[in-house]
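*Asks:* attaching a predicted model along with its sequence, questions to come.
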Amino acid sequence: DTGVSQDPRHKITKRGQNVTFRCDPISEHNRLYWYRQTLGQGPEFLTYFQNEAQLEKSRLLSDRFSAERPKGSFSTLEIQRTEQGDSAMYLCASSLEGGGGYTFGSGTRLTVV
Amino acid sequence: GESVGLHLPTLSVQEGDNSIINCAYSNSASDYFIWYKQESGKGPQFIIDIRSNMDKRQGQRVTVLLNKTVKHLSLQIAATQPGDSAVYFCAENDPGGFKTIFGAGTRLFVKA
């Protein structure tokens, strides 16, 4: 297992288009998180899955955002009708229960033009 | 509300010197704290953690100190190396949920 993988690494899209990102966590990790990071800021929490159940969502996650983890393994984050303000790095992380911190992927950098 | 903040946005140290990065948190109910390192183009990387029942924890070249009285956290890096140049985030677990809350970060520059 090589860690948390995210695809694509970079995405440029036109305003109004839909985009989908994929995250493959570490296989033994049952917890999966999505964060968003803008330049010069710390990551901001978006949503959390324990296995396939989405247990927590941030108020940052508007109706245009949806995340799934259908089989408790990989996860997707979709943004519909993208806006320029959605431009950011989208980070996925996974962890085991009981602490020990997260393992982050390298992120997907989204640019909305 | 809850927040995690850092005292200094940038820190410049000479190679070989010790570095100290400080952090303040506001939620006295927080019971788990983590330091992450983020290099350019990469996701944050776990460095060290500490639970609220401890006031000090040591790793390889790194030490985290927790002062619950003043809600202060620090990361000490011994014999700082050029490879330590990065942004460092302190973070706390949300005691009422599942998420980790990150501060804005401190950029560490190591001068050769």
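*Replies:* Structure's in. What do you need?
*Asks:* residues in chain A within reach of chain B, list them.
*Replies:* With CB under 8 Å from any CB of the partner chain as the criterion, chain A meets chain B at residues A:4, A:31, A:33, A:35, A:40-45, A:48, A:50, A:55-56, A:58, A:91, A:93, A:99-107. Where C-beta positions appear, they are placed from N, C-alpha and C, glycine not excepted.
*Asks:* just the strands from chain A, written as ranges.
*Replies:* Ranges of strands in chain A, per DSSP state E, are A:5-7, A:10-13, A:19-24, A:31-37, A:44-50, A:53-57, A:65-68, A:75-79, A:88-95, A:103-104, A:108-112.
*Asks:* tabulate those (JSON lines), appending mean pLDDT, mean neighbour count and distance to B:S74.
*Replies:* Output for the strands of chain A, formatted as JSON lines (pLDDT from 0 to 100; neighbours: other CB atoms under 10 Å in any protein chain shown; distance: least, CB to CB, whole Å):
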{"stretch": "strand A:5-7", "mean pLDDT": "98", "mean neighbour count": "17", "distance to B:S74": "31"}
{"stretch": "strand A:10-13", "mean pLDDT": "98", "mean neighbour count": "14", "distance to B:S74": "35"}
{"stretch": "strand A:19-24", "mean pLDDT": "98", "mean neighbour count": "19", "distance to B:S74": "32"}
{"stretch": "strand A:31-37", "mean pLDDT": "96", "mean neighbour count": "24", "distance to B:S74": "23"}
{"stretch": "strand A:44-50", "mean pLDDT": "96", "mean neighbour count": "21", "distance to B:S74": "23"}
{"stretch": "strand A:53-57", "mean pLDDT": "93", "mean neighbour count": "14", "distance to B:S74": "29"}
{"stretch": "strand A:65-68", "mean pLDDT": "97", "mean neighbour count": "18", "distance to B:S74": "35"}
{"stretch": "strand A:75-79", "mean pLDDT": "98", "mean neighbour count": "20", "distance to B:S74": "34"}
{"stretch": "strand A:88-95", "mean pLDDT": "97", "mean neighbour count": "24", "distance to B:S74": "24"}
{"stretch": "strand A:103-104", "mean pLDDT": "96", "mean neighbour count": "22", "distance to B:S74": "23"}
{"stretch": "strand A:108-112", "mean pLDDT": "98", "mean neighbour count": "18", "distance to B:S74": "31"}
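*Asks:* the closest residue to B:S52 other than its chain neighbours: how many residues sit nearby?
*Replies:* Nearest in space to B:S52, with sequence neighbours left out and distances taken as CB to CB, 6 or more residues apart in numbering or on different chains, is B:D31 at 4.2 Å. For B:D31, the count of nearby residues is 15 (other CB atoms under 10 Å in any protein chain shown).
*Asks:* do you know the pLDDT at B:D31?
*Replies:* If you check B:D31, the pLDDT there is 92.
*Asks:* thought it was touching B:D94?
*Replies:* No - between B:D31 and B:D94 no contact is recorded; they are 10.3 Å apart, counting by CB atoms under 8 Å.
*Asks:* how close does the residue nearest the centre of chain A get to A:E78?
*Replies:* Central residue of chain A (CA atoms, centre = their mean): A:W34, 3.4 Å from the mean position. Look at A:W34 and A:E78: by CB to CB, to the nearest Å, they are 11 Å apart.
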